[in-house]
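**Student:** what follows is a predicted protein model with its sequence.
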Amino acid sequence: RKEVEQDPGPFNVPEGATVAFNCTYSNSASQSFFWYRQDCRKEPKLLMSVYSSGNEDGRFTAQLNRASQYISLLIRDSKLSDSATYLCVVNIQASKIIFGSGTRLSIRP
Amino acid sequence: DTGVSQDPRHKITKRGQNVTFRCDPISEHNRLYWYRQTLGQGPEFLTYFQNEAQLEKSRLLSDRFSAERPKGSFSTLEIQRTEQGDSAMYLCASSSSGPSTDTQYFGPGTRLTVL
């Protein structure tokens, strides 16, 4: 079993739709969690950190469920520019950072 | 631009040659990471430095790979006797151990093609 698992997609949704991704992790000692966005042939860029209380940044909402060991990302009112690969990242410690394989999202007009 | 920089951005080499990549982290960041990414996969951790000390190496990092960060600033990743399986994007990231720990900032990567 992979330490961090994501549905690879692709998710193909119309503009304006709401889309949600989940990510599961296996190490209960994981300390911090992030969502990164990666455009084709570009480097990953931080989208948002994920806190236990849940957090929102504009159209994006991230949730963490430590009991079930999963993280979610919700994108509301999706835009064409949201098309990208979304990477789930789990930090177990400074020297042990695990990336998921990514979920591909494609927004169609 | 004060972000993470990497050089070169692209490298094409023949199998068996040695290559060296450089990473310049964000200046105040004391943590530096190297990753490898292949198509359709997330970045895979290779190695981690805190200041000049290499504190962690993945088992992915065979003896053909070596990384240094001699003065705790820039870092180099060398691959000796390259193989076709080494073809990938090599990403460098940096972070600080201050209040906003763990948030990594990535460089644009070096894309290696081994012929």
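**Tutor:** Arrived safely, thanks for sending.
**Student:** every contact and neighbour count from this point should use C-alpha atoms.
**Tutor:** OK.
**Student:** how about the secondary structure of A:Ser81?
**Tutor:** Here A:Ser81 takes the helix state, with states given by DSSP: H, G, I helix; E, B strand; the rest coil.
**Student:** counting neighbours, what do you get for it?
**Tutor:** For A:Ser81, the tally of surrounding residues (other Cα atoms under 10 Å in any protein chain shown) stands at 10.
**Student:** with adjacent residues omitted, what lies nearest to it?
**Tutor:** A:Ile107 (7.8 Å; Cα to Cα, 6 or more residues apart in numbering or on different chains).
**Student:** hmm, A:Asn12 and that neighbour touching each other?
**Tutor:** Yes: here A:Ile107 reaches A:Asn12: they are 5.8 Å apart, a contact under Cα atoms under 8 Å.
**Student:** which one's more surrounded, the two?
**Tutor:** Counted by other Cα under 10 Å, A:Ile107 and A:Asn12 do not tie: A:Ile107 has more neighbours, with 19 against 13.
**Student:** and B:Leu55, what does it touch?
**Tutor:** For B:Leu55, the contacting residues are A:Ser95, B:Thr47, B:Tyr48, B:Phe49, by Cα atoms under 8 Å, 6 or more residues apart in numbering or on different chains.
**Student:** ok, residue 95 - contacts?
**Tutor:** You didn't pick a chain, so chain A it is. B:Tyr48, B:Leu55, B:Glu56.
**Student:** could you do chain B instead?
**Tutor:** For B:Ser95, the set of contacting residues under the criterion of Cα under 8 Å, 6+ apart consists of B:Ile26, B:His29, B:Asn30, B:Arg31, B:Leu32, B:Thr101, B:Asp102, B:Thr103, B:Gln104, B:Tyr105.
**Student:** for the fifth one, list each beta-bridge partner.
**Tutor:** On the basis of DSSP bridges, B:Leu32 takes part in beta bridges with B:Phe49, B:Ser94.
**Student:** so how far is the top strand by length along chain A off the chain centroid?
**Tutor:** In chain A, taking DSSP state E as the definition, the longest strand is strand A:84-93. When C-alpha coordinates are averaged (Cα atoms, centre = their mean, to the nearest Å), strand A:84-93 and its chain have centres 7 Å apart.
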